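**Student:** sequence-free structure coming up:
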């Protein structure tokens, strides 16, 4: 909600765990509004986000930043000379570089529709691999689609209990510009370098396009070679071409950012389409909204079609492929998240809490059972019950049962939501 002076508060807050950078930014922006709203400091105290005395320790706990962040804060008006900035200077918090968006009627903008300030793309030194990890033989036929930006691809499989002297493992498949136009056959041999390790590793330099392949295991018996294992379901990996040197990726929230001010939204997309989309820049929506809700905004034309949609608090990723009407679910991300938590035991615990507090819970859904989505949702009609459920999840789930998960809390104004997600999930 807007406060006098144009600042914002009322953002949804993840209390238990989350991105340190996001929490630090939220903390800084909240503290910057203390003069505008008298109830803000008590709210910060309830959230454990610091006061004048413990602001610095709270930031240290979040582990945020480097020294170059101060100029960005000053530009954004996040802080005053006598409160926030001394604490930030004491910590030297921040990020490596920033850029500001300009466009529309900005007097300082350049070009026909406005451009952004210079943005630098930071390279990473050292060998970069697209690593494909699979487990054999239990993982046979577990097909999936993977996307990578690295041409140099490392295939890694786990082949335990095999005779290394007589066994050969390799990847065999076809490459093409897309899966319907496969042009070249390719075989990648995998080798096992350590007798104590079950891993077999092979590398290939793949061109941009799609590689459709299977893992194959053969065994040599005298003069005869026998296929002992071959996948019946093909796997696919898409290698993206190198980005344009002038291209950037812009990731943005939806609500309160590109949704909520029609005139500004239209100005942004005018700048984006005129200046940046032609350079190969990619737009990513990163929202807590569920998929159906985000797609309604896109289908109604309130926001334009992105390259990628990160939704449902980061538990789902959808790709908008060129020439395809419907977005494609990133199954790899969903599988990766589902492999990081003890879902069945968490369902048992949340089901127990639902049974205990059923009178105040309007909805309870374990989404992985129905959609494969790694999220358990408890919709609660009473705030006190929400706090009781959160405390029970933390004490019983984490402390006593040793379960690993993150909690996200949000509110619609009349209903409170407790979202249980794998550790590390989040937008």
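**Tutor:** Sure, I can see it. Worth saying up front: this structure is predicted, and the values here are computed from it rather than measured. Numbers count the residues shown, from 1 in each chain.

**Student:** can you name every helix or strand that the longest helix along the chain contacts?
**Tutor:** Ranked by residue count and defined by DSSP state H, the top helix of the chain is helix 343-356. Using 3 or more Cβ pairs under 8 Å, 6 or more residues apart in numbering; DSSP states H and E, the elements in contact with helix 343-356 are strand 361-366, strand 376-380. Backbone N, C-alpha and C define where each C-beta goes, glycine included.

**Student:** got the angle between that helix and strand 361-366?
**Tutor:** Going by axes from the mean of the first three to the mean of the last three Cα atoms, to 10 degrees, helix 343-356 is angled at 170 degrees with respect to strand 361-366.

**Student:** ok and helix 343-356 relative to strand 376-380, angle-wise?
**Tutor:** Comparing the axes of helix 343-356 and strand 376-380 via the same axes, to 10 degrees yields an angle of 10 degrees.

**Student:** so for helix 343-356, what gets flagged as buried?
**Tutor:** Under the neighbour-count criterion of 16 or more other Cβ atoms under 10 Å, helix 343-356 has 343, 346, 349-350, 353-354 buried.

**Student:** run through who's touching that helix.
**Tutor:** 361, 364, 366, 368-369, 374, 376, 378, 389, 392-393, 396-397, 401, 403, 405, 420 (Cβ atoms under 8 Å, 6 or more residues apart in numbering).

**Student:** next step: those restricted to strands.
**Tutor:** Among the contacts of helix 343-356, the ones falling in strands (DSSP state E) are 361, 364, 366, 376, 378, 420.

**Student:** returning to what we had before: which one among the buried residues of helix 343-356 gets closest to residue 410?
**Tutor:** Closest to residue 410 out of those is residue 350 (16.6 Å), distances taken as Cβ to Cβ.

**Student:** ok so, going back, from the contacts of helix 343-356, list just the buried residues.
**Tutor:** 361, 364, 366, 368, 374, 376, 378, 389, 392-393, 397, 403, 405, 420.

**Student:** what about the protein, any weak spots by pLDDT?
**Tutor:** 1-131, 133-144 (pLDDT under 70).

**Student:** show me what the longest strand seen in it is packed against.
**Tutor:** Identified as the longest strand of the chain according to DSSP E is strand 209-221. The helices and strands touching strand 209-221, judged by 3+ Cβ pairs under 8 Å, 6+ apart, are strand 130-136, strand 152-159, strand 167-176, strand 182-190, strand 224-230, strand 235-239.

**Student:** how about CSV for the ones you listed, with mean neighbour count and distance to residue 210 added?
**Tutor:** Putting these into CSV (neighbours: other Cβ atoms under 10 Å; distance: least, Cβ to Cβ, whole Å) gives the following:
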stretch, mean neighbour count, distance to residue 210
strand 130-136, 17, 13
strand 152-159, 19, 12
strand 167-176, 19, 6
strand 182-190, 14, 8
strand 224-230, 12, 21
strand 235-239, 19, 5
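
**Student:** how about those strands in TSV, adding distance to residue 213?
**Tutor:** Formatted as TSV, the helices and strands packed on strand 209-221 follow (distance: least, Cβ to Cβ, whole Å):
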stretch	distance to residue 213
strand 130-136	9
strand 152-159	9
strand 167-176	3
strand 182-190	8
strand 224-230	12
strand 235-239	6
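
**Student:** how about those, which one is nearest residue 196?
**Tutor:** Closest to residue 196 of these is strand 152-159 (Cβ to Cβ; 13.1 Å).

**Student:** run me through the strand neighbours of that closest one, direction for each.
**Tutor:** Using DSSP bridges, strand 152-159 pairs in its sheet with strand 130-136 (parallel), strand 199-205 (antiparallel).

**Student:** show me which positions of the last one end up buried.
**Tutor:** It stands for strand 199-205. Buried residues in strand 199-205 (16+ other Cβ under 10 Å): 200, 202-204.

**Student:** repeat that for stretch 405-420.
**Tutor:** By neighbour count with 16+ other Cβ under 10 Å, stretch 405-420 contains the buried residues 405-409, 416-420.

**Student:** which residues touch that stretch?
**Tutor:** In contact with stretch 405-420 (Cβ under 8 Å, 6+ apart) are residues 12-18, 288, 313, 341, 346, 350, 362, 375-383, 386, 389-390, 393-394, 397-398, 421-426.

**Student:** kindly recompute the last result at 7 Å.
**Tutor:** When contacts are defined by Cβ atoms under 7 Å, 6 or more residues apart in numbering, stretch 405-420 is touched by residues 12, 14-17, 288, 313, 341, 346, 350, 362, 375-381, 383, 386, 389-390, 393, 397, 421-423, 425-426.

**Student:** and the nearest residue to residue 287 once chain neighbours are set aside, how far from residue 311?
**Tutor:** The shortest distance from residue 287 to any non-neighbouring residue, by Cβ to Cβ, 6 or more residues apart in numbering, is to residue 254 (4.4 Å). Distance, residue 254 to residue 311, by Cβ to Cβ, to the nearest Å: 9 Å.
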